[in-house]
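[1] Next come a sequence and a model predicted from it.
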Amino acid sequence: FLRLNLVAVKCKEFLQNFTSEYDETSANKYTDMLQEVADRKRRSLLIDLADISSYFQNEELTDKIKSNTRRYRSILAEAADSLLPPPITQAEDDVFDVLTRQRMQAQEGEEVDMSDEATRLPSALTRRFDVHFGLRAKDPVCKLREVGANHIGHTIAVKGIVTRVGDVRPYLEVATYTCDDCGFEIYQEVTSSTFTPLEQCPGQVCKTNKKGGRLYLQTRGSRFQKYQEIKIQELAEEVPMGCIPRTLTVQVKGDLVRTVAPGDVIDVTGVFLPVPRTGFRAMRAGLVAEIFLEAMGINQHKKKYSEHVLTPEIRERVEAFSEEVDIYSKLARSLAPEIYGHEDCKKALLLQLVGGGGRHMPDGMKLRGDVHLCLMGDPGVAKSQLLKYVCKLAPRAVYTTGKGSSGVGLTAAVQRDPVTSDTVLEGGALVLADMGICCIDEFDKMEESDRTAIHEVMEQQTVSIAKAGITTTLNARTAVLAAANPAWGRYDLRRTPEENIALPAALLSRFDLLWLILDKADEEADLALAQHILHVHRYQTAPDLDFEVIAASEMRAYIAEARRYSPFIPQHLSGYIEAAYAELRQEEKDSDCPHTYTTARTLLSILRLSEALARLRFSEEVMQADVDEALRLMKMSKISLANEEQKTYQDPVTQVFGILRDEAHRQNSSKVDYAKAMRLIAAKGIREDMLEACLQEYASLNVWQLDADNNITFVDA
């Protein structure tokens, strides 16, 4: 008893006197917290174990708290109760305040015997805060598979992915009864998942009168707390070979409810506890107990864009990035730098991450702002790797494959809740990716009946359900990123684009960009690709670029800041965009074999891409350069195909000029050596006399200048 008193005094002294050397704005960290609790601005008292270690200059008390957390939570809660200051700002009274005031007045008026424990007002009923502990930085985060019997009762931190989130329900903490004989209120604290309600009054008055008054439960006067049950599963990279992932139930209460969603990767700090099974399950299980984690803190690995809070250092970096002229190109090249080339494709992926501004009409109609993108190309052009990187970079993303996804798995399924046995809806991949990106690999391998399930999602951004007596509409405000192979595995140039793409027009028109990537043999490009891949394999990093690669965290912060802007199209650009759209329609009409379907959705795609480019500049107004870049990306998405089709129509002199121009562009230089030019055209099978003819013809046009050794210098236009 004396030892417990000493610990309580120590805890009280710590809360009263601790000062943080890192926080300049606050003198007494926990005194200020208690003031916020008294002012109803805070509902949890988060005590950092590192603060306790630094205050007492030893680890003794910290280790005791970690190994016997529940006991020390009650001790610190009582210490905080005694130190709670009077409120500075008076909050509006609620029902609980009125009931508490009446109870206190009854006790002060000596209507209640204070020595009677049954009628004494428990502190758990009047307390408006919870005590939580935060682990030190040096305390390890356990894997789910490593949690064992030696952790029972201890405070631990585990890492996992959320697989299921239950409904929020009221959890009874203090039951209040009214006696029909003596009229007093009787209180019963509930400390476990089950309890036996009191039937006869244990009050001193009823005992003295030898009357067993009947008790009636008063839900209005009882104390309930928000309660939610979630399940976490160990990450795929932590599962040993040949094993299935393990799961753990996490009980979340108070302010921590509704903070996670299925698919989130989180670190949970809590108390690891066993709970015996009850009812029929106890008869079947015998002495086996279930285990759970009573959560005290949840840390999400990737926050939503809207929840991003920039630190001063990151904000300074973001502002410096925004002032750079070529930040658009740098951000795109920093996207998956281990993957060689695909610069324009990476720009399209960057615009998808940024997105355009959605529009909400007064009559309820919505125009989506999310950009849908389909990567279609030959095998081995890094489509799946790009999808994986985007999935890792985006704060909220779901990755799935065509054959592994059904229509129900993408939208929603009707299942039976294992806890309540009610029929409930389980959201699929598109619903889980709400306000994020859904990456669908092997898109061409999906069954046609399953693929039609995403038509509504891609345009209306909702999932309508009418099955098993449940009729509802779920939000699926997601950007779809799909990767597919052409119909015959590789693109067949002898067939038309419609035959190769093999996607229905209704689905194809919903994609803002359909990016065709052909794997063409080119000695120079293949050599550069091989050097890049060998460098990545040897050094486990991408080759150095001509600028510092922007880290994923900084890129995420930049995109979060860019998404705060809502650009608009100025009046003077309307005519320009209208003419560009009409020209696209005419080109499709005049073409013998068009590559895509140009509809009114294409016009909206131009607007979305232009708005995303304006967001990248941190601008509220779209410029003509943004529209030109959006149109250029639409053209470049088919450039690999167009180059192949136009190859037979080029004369050798024009071919030589194209090779030399591309080489100068690749080296970012205006000069090309004659010897280098000879090697380039020899690899293409072009004769030397064609090179001489090209040099003389374009020199006479003043496109470039030749020195005595026939070295080429391009003249800037």
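    Received, thanks.
[2] Quick check: the gap between the spatially closest residue to residue 303 that is not a sequence neighbour and residue 482.
    What sits nearest to residue 303 in space, not counting adjacent residues and going by CB to CB, 6 or more residues apart in numbering, is residue 395, at 6.0 Å. The way it works is simple: take the backbone N, C-alpha and C, and place the C-beta from them, glycine included. Using CB to CB, to the nearest Å, one obtains 20 Å as the distance from residue 395 to residue 482.
[3] Repeat that for residue 244.
    Separation of residue 244 from residue 482 (CB to CB): 29 Å.
[4] Looking only at neighbour counts, state which of the two leads.
    residue 482 (27 against 9; other CB atoms under 10 Å).
[5] Now do the residue nearest to residue 303, the pLDDT please.
    Looking at residue 395, its pLDDT is 83.
[6] wait, what's in contact with it?
    Counting by CB atoms under 8 Å, 6 or more residues apart in numbering, residue 395 makes contact with 302, 303, 304, 305, 436, 556.
[7] same thing but at 6 Å, please
    302, 303, 304, 305 (CB atoms under 6 Å, 6 or more residues apart in numbering).
[8] which among these gets closest to residue 76?
    Taking CB to CB as the measure, residue 76 sits nearest to residue 303 out of the contacts of residue 395, at 29.2 Å.
[9] Please name the residues that touch residue 83.
    Counted by CB under 6 Å, 6+ apart, residue 83 has contacts 15, 34.
[10] Please report the distance of it from residue 42.
    Separation of residue 83 from residue 42 (CB to CB): 14 Å.
[11] next one: residue 379
    Counting by CB to CB, the gap from residue 379 to residue 42 is 56 Å.
[12] Settle it for me: which of the two has more neighbours?
    The neighbour count for residue 379 versus residue 42, taken as other CB under 10 Å, is higher for residue 42 (17 against 11).
[13] pLDDT score for that one?
    At residue 42, the predicted lDDT confidence score is 86.
[14] For the closest residue to it other than its chain neighbours, what are phi and psi?
    Among residues not flanking residue 42 along the chain, residue 36 sits closest, at 4.0 Å (CB to CB, 6+ apart). Backbone torsions of residue 36, given as degrees, to the nearest 10, read phi -70, psi -40.
[15] likewise residue 376?
    Dihedral angles of residue 376 (phi, psi; degrees, to the nearest 10) stand at phi -120, psi 130.
[16] The nearest residue to residue 348 once chain neighbours are set aside: neighbouring residues, count only.
    Once flanking residues are discounted, residue 348 sits nearest to residue 513: 5.3 Å by CB to CB, 6+ apart. The number of residues packed near residue 513 is 23, by other CB under 10 Å.
[17] Residue 513 pairs with what?
    For residue 513, the beta-bridge partners under DSSP bridges are residue 373.
[18] So it sits against residue 373, correct?
    Yes. Proximity of residue 513 to residue 373 meets the contact threshold set by CB atoms under 6 Å, at 5.1 Å.
[19] which residues are in contact with both of those two?
    Joint contacts of residue 513 and residue 373 (CB under 6 Å, 6+ apart) are residue 348.
[20] buried stuff in stretch 128-137?
    Using 16 or more other CB atoms under 10 Å as the test for burial, stretch 128-137 gives 129, 130, 131, 132, 133, 134, 135.
[21] where along the stretch 601-717 of the chain do the strands fall?
    Using DSSP state E, counting those that start in this stretch, the strands found in the stretch 601-717 of the chain span residues 671-672, 704-706, 712-714.
[22] Same list (those strands) but as JSON lines, adding mean neighbour count, distance to residue 560 and mean pLDDT.
    Compiled in JSON lines, the strands of the stretch 601-717 of the chain are given as follows (neighbours: other CB atoms under 10 Å; distance: least, CB to CB, whole Å; pLDDT from 0 to 100):
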{"stretch": "strand 671-672", "mean neighbour count": "16", "distance to residue 560": "42", "mean pLDDT": "86"}
{"stretch": "strand 704-706", "mean neighbour count": "16", "distance to residue 560": "45", "mean pLDDT": "85"}
{"stretch": "strand 712-714", "mean neighbour count": "18", "distance to residue 560": "41", "mean pLDDT": "86"}
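[23] and those strands as TSV, adding distance to residue 140?
    Putting those into TSV (distance: least, CB to CB, whole Å) gives the following:
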stretch	distance to residue 140
strand 671-672	57
strand 704-706	63
strand 712-714	59
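[24] out of those strands, nearest to residue 577?
    Closest to residue 577 of the strands of the stretch 601-717 of the chain is strand 712-714 (CB to CB; 33.0 Å).
[25] Adjacent strands (with direction) for that closest one?
    Note on strand 712-714: by DSSP bridges, its sheet partners are strand 671-672 (antiparallel), strand 704-706 (antiparallel).
[26] Distance to residue 183 for those - can I get that in TSV?
    Output for the strands paired with strand 712-714, formatted as TSV (distance: least, CB to CB, whole Å):
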stretch	distance to residue 183
strand 671-672	101
strand 704-706	104
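[27] for these, which one sits closest to residue 456?
    strand 671-672 (52.9 Å).
[28] Which among the strands paired with strand 712-714 is found nearest to residue 570?
    strand 704-706 (39.4 Å).
[29] can you give me the offset of the closest one from its chain's centre?
    Strand 704-706 sits 53 Å away from the centroid of its parent chain (CA atoms, centre = their mean, to the nearest Å).
[30] still on that earlier bit, if we compare the strands paired with strand 712-714, which one ends up closest to residue 287?
    Closest among these, once you apply CB to CB, is strand 671-672, at 81.8 Å.
[31] Contacts for that closest one, please.
    The contact list for strand 671-672 (CB under 6 Å, 6+ apart) reads 660, 663, 664, 712, 713.
[32] Tell me what the fourth one is bridged to.
    Judged by DSSP bridges, the bridge partners of residue 712 are residue 672, residue 706.
[33] thought it was touching residue 703?
    No. The pair residue 712 / residue 703 is not scored as a contact, 9.5 Å apart, by CB under 6 Å.
[34] part of a strand, is residue 188?
    Yes. Under the criterion used here (DSSP: H, G, I helix; E, B strand; the rest coil), residue 188 sits inside a strand.
[35] tell me the contacts of it?
    175, 198.
[36] Next, count neighbours for residue 575.
    So residue 575, with other CB under 10 Å, has 9 neighbours.
[37] So it: helix, strand or coil?
    Here residue 575 is recorded as helix under three-state DSSP.
[38] So it versus residue 382, what's the distance?
    40 Å.
[39] for residue 217, same thing?
    Distance from residue 217 to residue 382, by CB to CB: 64 Å.
[40] For residue 638, see how far away the closest residue to residue 602 other than its chain neighbours is.
    Excluding the flanking residues, the one nearest residue 602 by CB to CB, 6+ apart is residue 584, at 6.5 Å. Counting by CB to CB, the gap from residue 584 to residue 638 is 12 Å.
[41] Over to stretch 697-714 now: how far is its first residue from its last?
    Terminal residues of stretch 697-714 are spaced 14 Å apart (CA to CA, to the nearest Å).
[42] List the contacts of it.
    Contacts of stretch 697-714 (CB under 6 Å, 6+ apart): 664, 670, 671, 672, 673, 674, 715.
[43] Could you list the low-confidence segments of the stretch 101-250 of the chain?
    Per-residue confidence for the stretch 101-250 of the chain (pLDDT under 70) gives these ranges: 103-104, 106-119.
[44] show me where it has helices.
    123-126, 204-208 (DSSP state H, counting those that start in this stretch).
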